[in-house]
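Trainee: Quick one: sequence and predicted model below, then my questions.
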Amino acid sequence: MQFTRLRLSGFKSFVDPTELRIDPGLTGIVGPNGCGKSNVVEALRWVMGENSAKSMRGSGMDDVIFAGTSARPPRNLADVTLTVANEARTAPAAFNDADTLEVSRRIERAAGSAYRINGRDVRAQDVRLLFADAATGAHSPALVSQGRIGVLITAKPAARRAILEEAAGVSGLHTRRKEAEKRLRAAETNLTRVADVIQQLD
Ligand code: ATP
């Protein structure tokens with residue numbers, strides 16, 4: 001899955017609309033301490049469905065919204081859009097009719113997040129599955145943050161297996177299986193209820 005562009009607006013220190021082109025090959029971000037390098041990587045994770053405020057270095061998800069400086073007032077909205085190449089048509093069927101996918105996430109203060117793919121409202125789960133199927137996502141082992149290597153080395157076997165499954169692109173299948181099991185349980189409950197009603201009618 002090739003990411004080609006990242007657009008941020010009102011996200012952390014990126015108060016003004018900012019566009020970053022991601023060309024094939026290696027991309028490096030250089031700059032002085034505190035200029036926002038980690039914020040760019042966090043924007044990538046956030047648009048792919050990160051739901052832990054702590055791992056975004058905040059106490060609540062609203063902390064990703066530009067909080068203001070002495071010179072500029074805070075914002076109420078943050079928006080991140082990731083453009084993904086889809087010429088190979090590897091996206092799930094529902095979104096597989098375009099050469100590029102624009103995945104966006106928007107958050108409004110005290111109102112939560114909303115996701116869109118190519119302008120259509122979608123669930124957070126749809127976005128997570130899209131990236132999980134391509135062996136990437138907010139928790140992709142390809143995004144190696146500070147301290148992650150240590151965590152991997154000391155991880156328990158089950159946690160290490162989850163990391164390997166994520167890398168192998170099968171974690172999306174687990175999510176789908178859980179959804180299917182939930183639907184199956186609901187159907188079984190309905191069947192029991194129907195059996196009770198039939199018994200009462202007999
Ligand atoms: P280093 O090289 O030290 O790791 P960095 O380039 O990775 O730094 P970041 O950690 O990405 O820098 O950015 C930190 C900056 O982002 C700080 O100046 C901080 O004030 C600012 N920042 C973080 N969250 C917000 C927010 N919600 N609103 C405004 N600014 C924010």
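Mentor: Done, it's in. Just so it is clear, the model here is predicted, and its values are computed rather than measured.
Trainee: For the rest of this, base every contact and every neighbour count on C-alpha atoms.
Mentor: Fine.
Trainee: Give the residue spans of this protein that score low on pLDDT.
Mentor: 135 (pLDDT under 70).
Trainee: ok, now with 90
Mentor: Across the chain, the ranges flagged by pLDDT under 90 are 1, 25-29, 52, 54-56, 86-98, 129-155, 159-179, 202.
Trainee: elements contacting the helix ranked longest in it?
Mentor: What stands out as the longest helix in the chain, according to DSSP state H, is helix 171-201. Packed against helix 171-201, as judged by 3 or more C-alpha pairs under 8 Å, 6 or more residues apart in numbering; DSSP states H and E, are the following elements: helix 124-133.
Trainee: One more pass at 10 Å, please.
Mentor: Contact here means 3 or more C-alpha pairs under 10 Å, 6 or more residues apart in numbering; DSSP states H and E; on that basis helix 171-201 packs against helix 124-133, helix 157-168.
Trainee: which bits of this structure sit near the ligand?
Mentor: Proximity of the chain to the ligand (C-alpha under 6 Å from any ligand atom) is limited to residues 12-13, 32-39, 63-68.
Trainee: Can you flag which of these belong to helices?
Mentor: Mapping those onto helices (DSSP H) picks out 37, 38, 39.
Trainee: Just give the number of residues close to the second one.
Mentor: I take that to be residue 38. Neighbourhood size, residue 38 [other C-alpha atoms under 10 Å]: 14.
Trainee: Check whether it really touches residue 145, as I assumed.
Mentor: Yes: counting by C-alpha atoms under 10 Å, residue 38 does reach residue 145; the two are 8.9 Å apart.
Trainee: Quick check: residue 162 vs the ligand, distance?
Mentor: Applying C-alpha to the nearest ligand atom, to the nearest Å, the value for residue 162 to the ligand is 27 Å.
Trainee: Leaving out chain neighbours, which residue sits closest to that residue?
Mentor: Distance criterion C-alpha to C-alpha, 6 or more residues apart in numbering; nearest residue to residue 162, sequence neighbours excluded, is residue 171 at 7.7 Å.
Trainee: tally of neighbours for that neighbour?
Mentor: Neighbour number of residue 171 under other C-alpha under 10 Å is 21.
Trainee: likewise the one 10 residues further on?
Mentor: The criterion is other C-alpha under 10 Å. On that basis, residue 181 has 12 neighbouring residues.
Trainee: can you pull the contacts of it?
Mentor: Listed by C-alpha atoms under 10 Å, 6 or more residues apart in numbering, the contact set of residue 181 reads 175, 187.
Trainee: repeat for residue 61
Mentor: The contact partners of residue 61, by C-alpha under 10 Å, 6+ apart, come to 46, 50, 51, 52, 53, 54, 107, 108, 109, 110, 112, 113.
Trainee: for residue 152, what are its contacts?
Mentor: Contact partners of residue 152, counting by C-alpha under 10 Å, 6+ apart, are 141, 159, 160, 163.
Trainee: Look at it and give its secondary structure.
Mentor: helix (DSSP: H, G, I helix; E, B strand; the rest coil).
Trainee: separation between it and residue 144?
Mentor: 10 Å (C-alpha to C-alpha, to the nearest Å).
Trainee: Equivalent analysis for residue 94, please.
Mentor: Here the criterion is C-alpha to C-alpha. By it, residue 94 lies 30 Å from residue 144.
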